[in-house]
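Novice: could you look at this predicted model? Sequence included:
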Amino acid sequence: MSVTGAGQNADLIVINGRVLTMDDDNPAAEAVAVKDGAIVAIGSRASIEQLKGPATKVIDAKGGSVLPGFIEAHMHLFGGAAELDNLHLAGVHGFDALRDAIQTFAAARPNARLLIGAGVDYAILSEPVTRHHLDRIIPDRPFAMSASDHHTMWANTMALEQAGLLHGRQLGPGNEIVMGADGLAAGELREGEAFGPILEFFGQNRTRLGLTGGEPEPYPLAEELAADRDLMHRGLEWCARHGITSIQNMDGNLYQLELLAGLEQEGRLLCRTKIPFHFKNFMDIDMLEKASTMASTYKSEWLSSGMVKVFYDGVLDSWTAVMVEPYADRPDWVGEPLFTPEHFAQVAVEADRRGLQIAVHSIGDGAVRAVLDGYEAAQKANGKRDSRHRVEHIEVITEADVPRFAELGVIASMQPPHPPGALNFPLEPTLSRIGRERWPLSYAWRTLKDAGARVVFASDWPVSPIDPILGIQAAVMRKPWAEGLPDQSFSLREAVAGYTVEGAYAEFAEHRKGTLKPGYMADLVVLSADIEKTAPADLDKVRPVTTICGGKVTYQA
Ligand SMILES: [Zn+2]
C-alpha cells in the first residue's frame, strides 16, 4: 500500500471490492481511499480502514468490481440527450411492428409538430423504406425516423412536403435525397444536408447542435439557454448512471462549452468533458483559429477542448463510406468523400501546426487511407510530435494501412457495439456491402492492436447504447461471421482497458486517470458483481451501483 497525505482521514473509502486497478504494478486490491478529489491509497481493507475518520463516507462494494471510471471516447452528448425522448425503434422489425410502435407513440403525443423515431435498422422492412410505407402508417402528421447510425432518415410525405424536400434539392457531395420513379422524393434522405431541412423546419435542429460547425443563431435567450443546459445535464446523468466519468464528445462548438461551463458553475457537471471544434468541408481554413481559441479558453481537468473533429466520409449502409475498391453490391461505386485528399491534408497540416488533436470519422478503407495520408503530410510538414491524432470507426481497412497507425502514432477509435451481428445490429445489408474479401479486415480491432496501434473503445451514443459494459461484452464476445476469418475479440482486461486506460491516453491524461493509483483523480465505478467471475454472456446483467467522479458520488443505484 502507498499513502500520500498520511495521517489525514479520507473523505471517502470504498471497501470490500474486487478492485481492478488497470495498473500493472499493483493490479488488484480490496479497497480505495479518496481525499480532496484524488485517490490517496489502494490496498487491503484493513489498511484502508485505518484512514477512516468520523466524517469519512464508506461505500461497501459487496464483492463487486471496482474499476477506473469509464472514459467514453466517442459520443454525442447533446444529440443523445435530446433523443432520450424519441420513439426508440431499435430491435423493431417488420411493417406491423413498425406501425404499432409509431401509432402508439403518436397517440400519446397529440401536440408534437414532428414525430421522430430513432434507432432504425436499415433492414427494418424486407424492402427499402419509402414515404409510402410511412404514409400507410401515419398519413396525417409529419413523421421522420433516423437510422441508428444517424446518417440516414426516412420521412413521410407530409414531412417532406412541409420541409420543402418533396421535389428534391441540390446538395453538397456525399448527401442525397433519394428520388422515386415518379420524380418525387422517395422518402430516404442520406446524410445531414438531406435531412437537415426537416429537423430545421420543425424546430428540431437543436438535436444537431454542434454538428453543423457553427453556433446557434440568434444566440439563445435565457429560457432556451436554461432548457439546453438542462438537456446537457440529463445527458450527463445518463453517462454517470452508466459508470462514465469522462466523455470525449465528437461534435462541438463554443455554445456547447458555454452550456457545460454553466453547469460547472452550478455544480452540475457530472462528468469531465472534452468538446472538439467541428470543422466542415465548406469552411475556410482560417476557421481553425476558433478551434485554437476554444483550446486556450477551456483547458481544465473538467472541461476542455483542443480537438478538431472532421467527417471524411459517410457510412457503409447508405454507400456513402469511401472505399478503395468498389462496393461488393455496387460494383460501379466507391463512395464520395466529403473532402478531397488534398483538401483534408491541408486541414490536417494546419490543425497539427496549431498543436491541436485531430479526430476524423473514416469508415471505409479509402477514407482511412486518405486520413492517414493527411496525418503523414502533417508530420512531414510540422515534424513528428506526440500528436495522438485519431481515426474514428475504421470499419474497413486495407492490409497496407494497418501498420501505419503504429508508425504515425495514430489512435484507432473503434466501437465494439457496431460490427454487424454485435448487440442488436443486423448482419445485413452491411456484410453484403463490404463483401467477403474485405471481411477479414473489417472492424479489425485485434489486427490493429496486434500491429501496435492504440485502440480506444466507445459507443458513438446515440448510435448505439452508451453502456460501456455492453461494449465490453460485445468486444469479448465478438464472433467471426464465417469460418476462417481472424478472431477479432478482446480479452476482458483488454476490453476494459479500451474504456479506461486507452481513453485516458487519447486525451493525454494517462498520468491522471484511466487507472486507479495514488495521486490519480478519484474517478471510479463500483459494479454490482465481479466482472472477472461473470460469464461473458451475463456481463450485460452487471450494473454500475456507484459512480464517483472527482471524489463525489455522481450516481447511486
Ligand atoms: Zn460519432
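Specialist: Structure's in. What do you need?
Novice: I177 is in contact with L171, isn't it?
Specialist: Yes: the criterion here is Cβ atoms under 8 Å, and I177 meets it with L171 at 6.8 Å. C-beta coordinates here come from the backbone N, C-alpha and C atoms, glycine included.
Novice: next, the closest residue in space to M250 that isn't next to it in sequence: secondary structure please.
Specialist: Leaving aside its sequence neighbours, M250 sits nearest to H74 (Cβ to Cβ, 6 or more residues apart in numbering; 5.1 Å). Following DSSP: H, G, I helix; E, B strand; the rest coil, the label given to H74 is strand.
Novice: use 32 as the first number for this chain going forward.
Specialist: Sure, I'll start counting at 32 from here, so that last one is H105.
Novice: residues near H105, how many?
Specialist: H105 has 26 neighbouring residues, counting by other Cβ atoms under 10 Å.
Novice: OK, contacts around it?
Specialist: Residues in contact with H105 (Cβ atoms under 8 Å, 6 or more residues apart in numbering) are Q279, M281, A390, E423, S444, Q446, V487, A489, S490, D491.
Novice: apply 10 Å and report the result again.
Specialist: Shown in contact with H105 (Cβ atoms under 10 Å, 6 or more residues apart in numbering): 278-281, 340, 390, 392, 421, 423-424, 444-446, 487-492, 494, 534, 537.
Novice: do the same with F174
Specialist: 118, 133, 136-137, 143, 145-148, 162, 165-166, 168, 185-190.
Novice: quick check, pLDDT for whatever residue of the stretch 132-281 of the chain ends up closest to the ion.
Specialist: Here the stretch 132-281 of the chain gets closest to the ion at one residue, M281, 4.4 Å apart by Cβ to the ion. pLDDT for M281: 96.
Novice: repeat for G36
Specialist: 45.
Novice: ditto for G529
Specialist: 98.
Novice: that one and P58: what is the separation?
Specialist: 17 Å (Cβ to Cβ, to the nearest Å).
Novice: using the three-state scheme, assign A390.
Specialist: strand.
Novice: that one: neighbour count?
Specialist: 24.
Novice: now it: closest residue in space, sequence neighbours ignored.
Specialist: R421 (4.1 Å).
Novice: filter the contacts of F174 to the buried ones?
Specialist: 118, 133, 136-137, 145-148, 162, 165, 168, 185-190 (16 or more other Cβ atoms under 10 Å).
Novice: can you report how many residues lie near the residue nearest to A390?
Specialist: 28.
Novice: what residues are bridge-paired with it?
Specialist: Beta-bridge partners for R421, by DSSP bridges, are A390, I442.
Novice: now do M184
Specialist: S177, L220.
Novice: ok, now how distant is it from G550?
Specialist: Counting by Cβ to Cβ - M184 and G550 are separated by 48 Å.
Novice: more crowded one of the two?
Specialist: M184 (25 against 12).
Novice: residues from the stretch 132-281 of the chain in reach of the ion?
Specialist: M281 (Cβ under 5 Å from the ion).
Novice: let me see the ranges of the strands in the stretch 232-381 of the chain.
Specialist: 275-280, 303-305, 308-309, 334-335, 338-342 (DSSP state E, counting those that start in this stretch).
Novice: quick one: closest of those strands to A217.
Specialist: strand 338-342 (24.1 Å; Cβ to Cβ).
Novice: quick one: strands adjacent to that closest one?
Specialist: Strand 338-342 has these strand partners (DSSP bridges): strand 308-309 (parallel), strand 388-393 (parallel).
Novice: how about the ones you listed in a markdown table, adding mean pLDDT?
Specialist: Shown next, in a markdown table, are the strands paired with strand 338-342 (pLDDT from 0 to 100):
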| stretch | mean pLDDT |
| --- | --- |
| strand 308-309 | 94 |
| strand 388-393 | 98 |
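Novice: export the ones you listed to JSON lines and tack on distance to S96?
Specialist: Formatted as JSON lines, those follow (distance: least, Cβ to Cβ, whole Å):
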{"stretch": "strand 308-309", "distance to S96": "36"}
{"stretch": "strand 388-393", "distance to S96": "30"}
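Novice: now distance to the ion too, for the ones you listed, in a markdown table please.
Specialist: Output for the strands paired with strand 338-342, formatted as a markdown table (distance: least, Cβ to the ion, whole Å):
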| stretch | distance to the ion |
| --- | --- |
| strand 308-309 | 11 |
| strand 388-393 | 6 |
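Novice: what's the closest of those to D344?
Specialist: strand 388-393 (6.3 Å).
Novice: heading C-terminal from that closest one, find the next helix or strand.
Specialist: Downstream of strand 388-393, the first helix or strand assigned by DSSP states H and E is helix 396-413.
Novice: give me the helices and strands touching that next one, please.
Specialist: When contacts are defined as 3 or more Cβ pairs under 10 Å, 6 or more residues apart in numbering; DSSP states H and E, helix 396-413 sits against strand 338-342, helix 372-384, strand 388-393, strand 421-424, helix 435-439.
Novice: next one: that helix to chain centre, how far?
Specialist: 22 Å (Cα atoms, centre = their mean, to the nearest Å).
Novice: how about the strands of the stretch 482-588 of the chain, start to end?
Specialist: 485-488, 555-558, 575-580, 583-587.
Novice: between strand 583-587 and the longest helix along the chain, find me the angle.
Specialist: Longest helix of the chain, by residue count under DSSP state H: helix 253-272. Orientation of helix 253-272 against strand 583-587 (axes from the mean of the first three to the mean of the last three Cα atoms, to 10 degrees) gives an angle of 80 degrees.
Novice: ok and helix 253-272 relative to strand 275-280, angle-wise?
Specialist: 130 degrees.
Novice: show me what counts as buried in helix 253-272.
Specialist: Those would be 256, 259-260, 262-272, for helix 253-272 by 16+ other Cβ under 10 Å.
Novice: over to stretch 465-484?
Specialist: 465-466, 469-480, 482, 484.
Novice: what is the neighbour count of the nearest residue to D404 once chain neighbours are set aside?
Specialist: Spatial nearest neighbour of D404, excluding adjacent residues (Cβ to Cβ, 6+ apart): P372 at 6.0 Å. Around P372 there are 18 other residues, counting by other Cβ under 10 Å.
Novice: who's in contact with P372?
Specialist: Contacts of P372 (Cβ under 10 Å, 6+ apart): Y343, V353, G397, A398, R400, A401, V402, D404, G405, A408.
Novice: which of the residues you listed sits closest to L156?
Specialist: V353 (27.3 Å).
Novice: how far away is the closest one from the ion?
Specialist: 16 Å (Cβ to the ion, to the nearest Å).
Novice: confidence score at that residue?
Specialist: For V353, pLDDT reads 98.
Novice: before we move on, what about L558?
Specialist: pLDDT, read off for L558, is 98.
Novice: who touches it in this structure?
Specialist: 48-49, 51, 92, 95-98, 274, 500, 565, 570, 573-577.
Novice: go on, E297?
Specialist: R260, H264.
Novice: cool, and E268?
Specialist: A112, L115, R299, L301, C302, T585, Y586.
Novice: check M314 too.
Specialist: Per Cβ under 10 Å, 6+ apart, neighbours of M314: G244, G245, F308, K321, V378.
Novice: surely P173 and R162 touch.
Specialist: No: if you go by Cβ atoms under 10 Å, P173 and R162 don't touch, sitting 11.2 Å apart.
Novice: any common contacting residues for those two?
Specialist: In contact with both P173 and R162: A186, N187, T188, M189, A190, L191, E192, using Cβ under 10 Å, 6+ apart.
Novice: report the secondary structure state of V97.
Specialist: From three-state DSSP, the assignment for V97 is strand.
Novice: which one of the contacts of E268 is nearest A86?
Specialist: Proximity of the contacts of E268 to A86 (Cβ to Cβ) peaks at T585, which lies at 19.8 Å.
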